[in-house]
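Undergrad: next input, structure requested:
(one chain, ligands or ions: 1)
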Amino acid sequence: MRKKIIAGNWKMNLDIQLSEQLIKEILKNLNKEVFLKTDVVVCPPFTSLLTVFNLIKDSDIKLGAQNMHYENEGAFTGEVSAIMLKSVGCKYVILGHSERRQYFLETDKTVNLKIKKALEYSLNPIVCVGETLEQRESGIQESIVEEQVKNCLKEITSEQLKKIIIAYEPVWAIGTGHTATPTQANEMHKKIRSVIEDLYSTECAKELKILYGGSVNEKNSADLFAQSDIDGGLIGGASLRSKSFTEIIFSVV
Ligand code: PGA
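TA: Now for the predicted structure:
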């Protein structure tokens, strides 16, 4: 049985004061039992990581970052390393989000390097894959996602795979209010699992946690999480509202 994960991706939102306010509300709304059913991760912007860490460190909520560089240190102005994320209390890092791919020219190749570096520093990568609307309309969504999974996981061993979470985030569903139907999402999750089975083993495919992301909210989350192959969600917009985010967490069955 795969334990679910609900991760909030705050993106470039909330200054320190607002981050503090949001995390305090989330903490107040959750109870111990929730964490038996699901792991909860919040991914604030870099500037709020320390503040949020100090508020959650005695709770079961875990900290994640939204990106990192694949080098340890050096002349990479504006970048943040895995070592830095570890030092601020991160356990997770989102890698290869479609917004990173679209606006910051991130590729499967750089995502692969980042995954390796994150693993070296015991950060759990949440690796995002997903097709664009154009690709879905042309019927090539499965091969696109297959390719992304294969490229991102190049030279990753089955032992390392245990630390990796995949997030299927169809680009057309992110921030648009158009969610993939539970069936559409589950089909892609099954596809990803079959790719992992081919690349690694049936055991690895069974163990892999695959999150769905793209306009998840408190109204559609229960149906999505009830699907056989959906192991939780990567939540953008709705994770900025404490009530929505906690209701999503409580909708885990
Ligand atoms: P959304 O974002 O929930 O606002 O669609 C999801 C994501 O980008 O991770």
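
Undergrad: three-state assignment of the residue most central in space within the chain?
TA: Nearest to the mean C-alpha position of the chain, by CA atoms, centre = their mean, lies I126 at 4.2 Å. Judged by DSSP: H, G, I helix; E, B strand; the rest coil, the three-state class of I126 is strand.

Undergrad: can you list the residues of the stretch 101-250 of the chain near the ligand?
TA: Proximity of the stretch 101-250 of the chain to the ligand, by CB under 6 Å from any ligand atom, involves residues E169, I174, G175, G213, G214, S215, V216, L234, I235, G236, G237, A238. Just so you know, the C-beta spots here come from the backbone N, C-alpha and C atoms, and that holds for glycine as well.

Undergrad: my read: I26 touches I61, true?
TA: Yes: using CB atoms under 8 Å, I26 is in contact with I61, at 7.2 Å.

Undergrad: find residues that contact each of those two.
TA: V42 (CB atoms under 8 Å, 6 or more residues apart in numbering).

Undergrad: which residues of the stretch 151-253 of the chain fall in helices?
TA: 158-161, 182-199, 202-207, 221-225, 242-250 (DSSP state H, counting those that start in this stretch).

Undergrad: if you average pLDDT over the last one, what comes out?
TA: In this case it means helix 242-250. What helix 242-250 shows for mean pLDDT is 98.

Undergrad: list the buried residues of it.
TA: Applying a neighbour-count criterion of 16 or more other CB atoms under 10 Å, the buried positions in helix 242-250 are S242, S244, F245, T246, E247, I248, I249, F250.

Undergrad: of all these, which comes closest to N151?
TA: Ranking these by separation from N151, with CB to CB as the measure, puts I248 on top at 30.3 Å.

Undergrad: and the closest one, how far from E197?
TA: Plainly put, I248 is 29 Å away from E197 if you go by CB to CB, to the nearest Å.

Undergrad: tell me, how many residues neighbour the closest residue in space to T179 that isn't next to it in sequence?
TA: Excluding the flanking residues, the one nearest T179 by CB to CB, 6 or more residues apart in numbering is S215, at 4.4 Å. S215 has 20 neighbouring residues, counting by other CB atoms under 10 Å.

Undergrad: again with Q102
TA: For Q102, the neighbour count with other CB under 10 Å is 12.

Undergrad: surely it forms part of a strand?
TA: No: looking at Q102 with three-state DSSP, it is helix, so not inside a strand.

Undergrad: in the chain, which residue sits nearest the ligand?
TA: Here the residue of the chain nearest the ligand is G236; by CB to the nearest ligand atom that distance is 2.2 Å.

Undergrad: ignoring the adjacent residues along the chain, who's closest to that residue?
TA: For G236, ignoring the flanking residues on the chain, the nearest one in space by CB to CB, 6+ apart is N9 at 5.1 Å.

Undergrad: surely the one you found touches A65?
TA: No: using CB under 8 Å, N9 makes no contact with A65, being 10.3 Å away.

Undergrad: what's the overlap in contacts for those two?
TA: What both N9 and A65 touch, as defined by CB under 8 Å, 6+ apart, is the set C43, I94.

Undergrad: sticking with V93, tell me its helix or strand.
TA: Secondary structure assignment for V93, by DSSP states H and E: strand 90-95.

Undergrad: how about I5?
TA: For I5, the host element (DSSP H and E) is strand 4-9.

Undergrad: I'm done for today, thanks for sticking with me.
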